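A.B. asks: Here's a sequence, model it:
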Amino acid sequence: MALAILHVRDVPEALYERLKERAAAQRRSLSAEVITLLEWAVVARDHQPEATLEAIRLRRAFSPAEAGDCVVDASIGIKLFLREPLSDATHILFTYLAEDPPARLFVPDLFFVECTNILWKYARRFGYPAANAKQAIAAPRTDLDELLHRPEITRSGVYFLTGRDPHNDARVAYIGEAEDIGKRLKQHTAKEFWIQAMVFVSKDEALTRAHIQYLESKLIAEALQIGRWQLDNSQSSGAKLPESDQADMEVSLSRMRRLLPVLGLDLLTPITSVKVPNAVQPAAEPEPVLHHSIKGLTATGTRTPNGFVVFAGAQAVLKEQGSAHYVPFIMDLRHQLRADGILVEEAGHLRLTKDVELTSPSTAAGVLRGGSANGLTLWRDDTGRTLKEIEAMETG
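C.D. replies: Numbers count the residues shown, from 1 in each chain. Sure thing, here's the model as predicted:
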């Protein structure tokens, strides 16, 4: 088969040098590197990762749990954070492996060191704005002394403090900014609730006061909208930035969203949407909305990677059933939701005031019914099919 020849004129010198550096880093010729980038930009963007993921689910050649123990190499893990060839395929694979029941993932001892080196090489070689090159540091409160001795902790940045409310055991987070993160963390020792700190600082001290105020404002607004955690602070100073700086900060926010779950924090993980980060978002078939009813009370919800979300406005029985003593954890959950003002009494029944994600369809149904329940048979789609029937069709 004859191969076409493509000539490109007037390539900027800086871009040409970056292409050469990238080709050398990937151990390819300049021509091979250009072809790889063109394939990624043209072919990969036509690919529909959500459709592929759905095809994997339907085919079910193996379940995530059957994959067993998976060791993730840095060369693969880095594709979750950088846009590279096969990044879409990597996101699809990890999304599938995380589905219930999930596979167990392990990383080598030097995984984070190798990923850090790769990220910094990208920042240096390929011209990422310095403000986008961040260091992420996480430490328990018991190791605060060691954290404060790190030299980068004196830089400007944003931080997350997480823990439990000592009065109701609800998950609580504090999102803040400071020009000297270390000094601010020392001040926060007066706060009792937090047991973990996560810090994002600029690698080259390129974050200005306006940058970090902008990041803090956006992070607080997003966390409040998602509603997974209570926030110890819901106000921010905010800041206006030039359009170019806003674009740089949005890139930083996008990378924080991807990194926080890796650090074990789902504060910015949407409850109802399942997306492949940094990948093409095609018009894919969404999870079906499911319906529940009991004694004329109705509710809607849908499956999520973490379990099942019941949508705001769902109605639940006021009086608990006789089977309630078989599921004390569900009753504790109902009582907690009522204490938090999320499940409120209204006209002889209870109503959810916000979306709530629970661990399973049965837990969701149990909360609504006030007792033990089989969510696989009680949740139905618009055609009347039970969740059990839907899953049987999906698995063939």
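A.B. asks: before we move on, which element is residue 166 in?
C.D. replies: Here residue 166, judged by DSSP states H and E, is contained in no helix and no strand.
A.B. asks: What of residue 173?
C.D. replies: Element membership for residue 173, per DSSP H and E: strand 171-178.
A.B. asks: Please pull up the helix or strand immediately following that strand.
C.D. replies: Trace forward from strand 171-178 with DSSP H and E and the next one is helix 181-187.
A.B. asks: just checking, next helix/strand downstream of that next one?
C.D. replies: strand 194-202.
A.B. asks: what packs against that following strand?
C.D. replies: Packed against strand 194-202 by the contact rule (3 or more CB pairs under 8 Å, 6 or more residues apart in numbering; DSSP states H and E) you find strand 134-140, helix 144-148, strand 157-164, helix 181-187, helix 243-262. (Each C-beta comes from the backbone N, C-alpha and C, glycine too.)
A.B. asks: Would you format these as JSON lines with mean pLDDT included?
C.D. replies: JSON lines is the format used below for these (pLDDT from 0 to 100):
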{"stretch": "strand 134-140", "mean pLDDT": "80"}
{"stretch": "helix 144-148", "mean pLDDT": "89"}
{"stretch": "strand 157-164", "mean pLDDT": "92"}
{"stretch": "helix 181-187", "mean pLDDT": "93"}
{"stretch": "helix 243-262", "mean pLDDT": "82"}
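A.B. asks: Out of these, flag the one nearest residue 350.
C.D. replies: strand 157-164 (24.7 Å; CB to CB).
A.B. asks: can you pull the buried residues of that closest one?
C.D. replies: 157, 158, 159, 160, 161, 162, 163 (16 or more other CB atoms under 10 Å).
A.B. asks: what's the distance between that strand and the middle of its chain?
C.D. replies: Relative to its parent chain, strand 157-164 has a centroid offset of 16 Å by CA atoms, centre = their mean, to the nearest Å.
A.B. asks: residues touching the residue nearest to residue 232 when sequence neighbours are not counted, list them.
C.D. replies: With CB to CB, 6 or more residues apart in numbering as the criterion, residue 232 has its nearest non-adjacent residue at 4.2 Å, and that residue is residue 174. Listed by CB atoms under 8 Å, 6 or more residues apart in numbering, the contact partners of residue 174 are 160, 161, 162, 188, 191, 194, 231, 232, 233.
A.B. asks: Which element, helix or strand, includes the residue nearest in space to the middle of the chain?
C.D. replies: Nearest residue to the geometric centre of the chain (CA atoms, centre = their mean): residue 269, 3.7 Å. Counting by DSSP H and E, no helix or strand carries residue 269.
A.B. asks: same question, residue 331
C.D. replies: Assigned by DSSP H and E, residue 331 falls in helix 328-339.
A.B. asks: Also residue 37?
C.D. replies: helix 30-39.
A.B. asks: Are there helices or strands packed against that helix, and which ones?
C.D. replies: Against helix 30-39 (3+ CB pairs under 8 Å, 6+ apart) you get helix 13-25.
A.B. asks: beta partners for residue 307?
C.D. replies: The partner list for residue 307 in beta bridges (DSSP bridges) reads residue 304.
A.B. asks: what about it, neighbour count?
C.D. replies: Residues within reach of residue 307, counting by other CB atoms under 10 Å, total 17.
A.B. asks: need the contact list for it.
C.D. replies: 100, 357, 358, 359, 360, 361, 363, 364.
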